[in-house]
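Peer 1: Quick one, fold the following:
(one chain, ligands or ions: 1)
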Amino acid sequence: MHVAMIGAGYVGLVSGACFADFGHEVCCVDKDPAKIEALNRGEIPIFEPGLADLVAKNVREGRLTFTTDLSQAVRSAEAVFIAVGTPSRRGDGHADLSYVYQAARDIAAAIDGYTVVVTKSTVPVGTGDEVERIIRDARPDADFAVVSNPEFLREGAAIADFKRPDRIVIGTDDERALSVMNDIYRPLYLNQSPVLAMSRRTAELTKYAANAFLATKITFINEIADLCEHVGANVQDVARGIGLDNRIGSKFLHAGPGYGGSCFPKDTLALIKTAQDYEAPIRLVETVAAVNSQRKRAMGRKVIAACGGSVRGKTVAVLGLTFKPNTDDMRDAPSLDVITALQDAGARVKAYDPEGMEAARGMLTDVAYAKDAYDCARDADALVLVTEWDLFRALDLRRLKAALASPVVVDLRNVYRPDEMRRHGFTYVSIGRP
Ligand SMILES: NC(=O)c1ccc[n+]([C@@H]2O[C@H](COP(=O)([O-])OP(=O)(O)OC[C@H]3O[C@@H](n4cnc5c(N)ncnc54)[C@H](O)[C@@H]3O)[C@@H](O)[C@H]2O)c1
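Peer 2: Reported below is the predicted structural model:
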């Protein structure tokens, strides 16, 4: 199969490299020449475990190429995947579909022979209809089908998720397109990943429903954690106590500073907007989004309280900036809200993150970046653990205490044990635990 992947970001690059690894010939297209030049030099513009090796192997074996020339890639492709960004539109929270529609116009101009155009970007219900209309208007002669194939990979575990997905969702009523999609994903039948064929609109909604449900689960346990703090209960025991019930499941029941990242915040907002437009508002998700966005800033207040009610003139060390470990993605990371809240209250902030500092520099001001966790902690009046990188899971507690000016630790990921931290002489605050 010849595949064109439009957009070489987190999803496009991982999907493109994995499809190439299945044996397809993949050309990844991006409009950002710096990204394509870097890829052609053998540099990977994002941090994703295992991706550099996978890309290098498939480039070496001649199945994976990179270009800015969309029409050349599309002309020879049997399937063209759209994997461009769909960020929140400024002002109203709707998904900004301008990149998707631009890609559709560019694809229309280049289509040659029967082509399956696949939306892999997360897009609101009805976007596939509009993509089809755009291509049909521009090229009444073209032979094509538009399919929805939402992506469920998680950053940080993206390759494993792509190669061993819980399911593959394919939205189309076109038998010929379905057969092309089945050919593309055939290598995964060996792994027995279920392929769910459904209508295009249903597939589009399925992606949003999945993310909204996961965001709800996280927000639920976060609110239970808050209640635990008031009643003297332990949220980790509650999470285990409910999670072992198969109807509930134990994943996504870790209380923390609120969800962030490039998907949940924007996708919950976009679903809310779609539902309102169709006069079928999903009030549960509206509440989840509101609770979560307040929570992130509330974490700043939690740190201030741990510091005795004021951080004015104090230095706070922040460990972990990315929205989760094993990625360099800073989009909507809780650290941004926590740090801004601390700065607004007069604190100086030092920070360390293994992969996120470069992106953070462009998103935060007046932050001093450290070279490791202990350098970050040095002379600080409090330390906040925001992202649970493995590197922060087994810190030398004696060394940490010696580095801090005042032994206050706020652990927003419940990585450490309260009794152990207190034994080491820390004033230790975590989430939903006595
Ligand atoms: N990041 C994730 O974990 C994840 C998971 C599942 C689904 N998604 C969805 O996948 C989509 C892409 O997300 P991402 O995180 O990979 O975004 P990203 O911002 O990392 O990458 C998008 C890329 O598309 C390029 N691009 C934009 N318009 C283009 C055009 N017309 N032609 C060529 N290139 C173009 C951009 O330059 C950029 O490199 C989004 O809809 C997102 O919601 C993301």
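Peer 1: Need the per-residue pLDDT for whichever residue of the chain sits closest to the ligand.
Peer 2: At 1.8 Å from the ligand, Gly9 is the closest residue in the chain, using C-beta to the nearest ligand atom. Where C-beta positions appear, they are placed from N, C-alpha and C, glycine not excepted. Looking at Gly9, its pLDDT stands at 97.
Peer 1: Could you do Ala110 as well?
Peer 2: The model's pLDDT for Ala110 equals 98.
Peer 1: in terms of contact, does it touch Leu70 like I think?
Peer 2: Yes - between Ala110 and Leu70 there is a contact under C-beta atoms under 8 Å: 6.4 Å.
Peer 1: And for Ala403, the neighbour number?
Peer 2: Residues lying near Ala403 (other C-beta atoms under 10 Å) number 20.
Peer 1: cool, and Leu196?
Peer 2: Leu196 is flanked by 12 other residues according to other C-beta under 10 Å.
Peer 1: My guess is it contacts Gly171. True?
Peer 2: No - under the criterion of C-beta under 8 Å, Leu196 is not in contact with Gly171, lying 9.0 Å apart.
Peer 1: mind listing what the residue of the chain closest to the ligand touches?
Peer 2: For Gly9, the contact set (C-beta atoms under 8 Å, 6 or more residues apart in numbering) comprises Asp30, Ile46, Ala83, Val84, Gly85.
Peer 1: Out of these, the closest to Arg176 would be?
Peer 2: Closest approach between these and Arg176, by C-beta to C-beta: Ala83, at 22.2 Å.
Peer 1: Not counting sequence-adjacent ones, nearest residue to the closest one?
Peer 2: Nearest residue to Ala83 in three dimensions, chain neighbours excluded: Gly12, at 3.5 Å (C-beta to C-beta, 6 or more residues apart in numbering).
Peer 1: before we move on, what SS does that neighbour have?
Peer 2: With DSSP: H, G, I helix; E, B strand; the rest coil as the basis, Gly12 sits in helix.
Peer 1: Return the residues in contact with it.
Peer 2: By C-beta under 8 Å, 6+ apart, the residues touching Gly12 are Met5, Ile6, Cys28, Asp30, Phe81, Ala83, Val84, Lys120.
Peer 1: so Ser335 is in which element?
Peer 2: helix 334-344 (DSSP states H and E).
Peer 1: Can I get that helix as CSV, trimmed to CA atoms?
Peer 2: Taking Å, rounded to 0.1, in the frame of the first residue of the first chain, the C-alpha atoms of helix 334-344 are listed here in CSV:
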residue,chain,number,x,y,z
PRO,A,334,-1.3,21.5,34.8
SER,A,335,2.2,22.8,35.6
LEU,A,336,1.4,26.0,33.6
ASP,A,337,-1.6,26.8,35.9
VAL,A,338,0.3,25.8,39.1
ILE,A,339,3.3,27.9,38.2
THR,A,340,1.3,31.0,37.2
ALA,A,341,-0.8,30.8,40.4
LEU,A,342,2.5,30.7,42.4
GLN,A,343,4.0,33.6,40.5
ASP,A,344,0.8,35.6,40.9
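Peer 1: buried sites along that helix?
Peer 2: Of all the residues in helix 334-344, those buried under the rule 16 or more other C-beta atoms under 10 Å are Pro334, Ser335, Leu336, Asp337, Val338, Ile339, Thr340, Ala341, Leu342, Gln343.
Peer 1: need the contact list for the fifth one.
Peer 2: Contact partners of Val338, counting by C-beta under 8 Å, 6+ apart, are Pro257, Lys296, Arg297, Met299, Gly300, Val303, Val318, Val384, Val386, Leu412.
Peer 1: just the second one next, same as before
Peer 2: Residues touching Ser335, when contacts are defined by C-beta under 8 Å, 6+ apart, comprise Val318, Gly320, Leu321, Thr322, Phe323, Ala351, Asp353, Gly356, Ala360, Val386, Thr387.
Peer 1: Now the second one. Nearest residue, chain neighbours left out?
Peer 2: The reference is to Gly320. In this structure, Gly320 finds its nearest non-sequential neighbour in Thr387, 2.6 Å apart by C-beta to C-beta, 6+ apart.
Peer 1: Does that neighbour belong to a helix, a strand or coil?
Peer 2: Going by three-state DSSP: Thr387 is coil.
Peer 1: thinking again about what came up before, ok, so what distance separates the residue nearest to Ala83 from Lys302?
Peer 2: Per C-beta to C-beta, to the nearest Å, Gly12 is found 37 Å from Lys302.
Peer 1: go on, Ser406?
Peer 2: Using C-beta to C-beta, we find Ser406 at a distance of 16 Å from Lys302.
Peer 1: more crowded one of these two?
Peer 2: Lys302 (20 against 16).
Peer 1: So Asp353 sits against Trp389, correct?
Peer 2: Yes - between Asp353 and Trp389 there is a contact under C-beta under 8 Å: 7.4 Å.
Peer 1: and for these two, which residues touch both?
Peer 2: Common contact partners of Asp353 and Trp389 (C-beta under 8 Å, 6+ apart): Leu319, Gly320.
Peer 1: quick one: Phe220 is in a strand?
Peer 2: No - read with three-state DSSP, Phe220 is helix and lies in no strand.
Peer 1: Domains in the protein, by residue range?
Peer 2: 2-197, 208-289, 295-429 (automatic domain parsing).
Peer 1: and the stretch 51-200 of the chain, which of its residues are near the ligand?
Peer 2: Proximity of the stretch 51-200 of the chain to the ligand (C-beta under 6 Å from any ligand atom) is limited to residues 70, 83-86, 99, 102-103, 106, 121-122, 151, 153, 155.
Peer 1: Which ones among these lie within helices?
Peer 2: Those of these mapping onto helices are Leu70, Tyr99, Gln102, Ala103, Asp106, per DSSP state H.
Peer 1: Tell me which two of the residues you listed sit farthest apart.
Peer 2: The span of these, defined through C-beta to C-beta, is set by Leu70 and Tyr99 at 12.5 Å.
Peer 1: all strands for the stretch 51-200 of the chain, in order.
Peer 2: 64-67, 79-82, 115-119, 144-148, 168-171, 195-198 (DSSP state E, counting those that start in this stretch).
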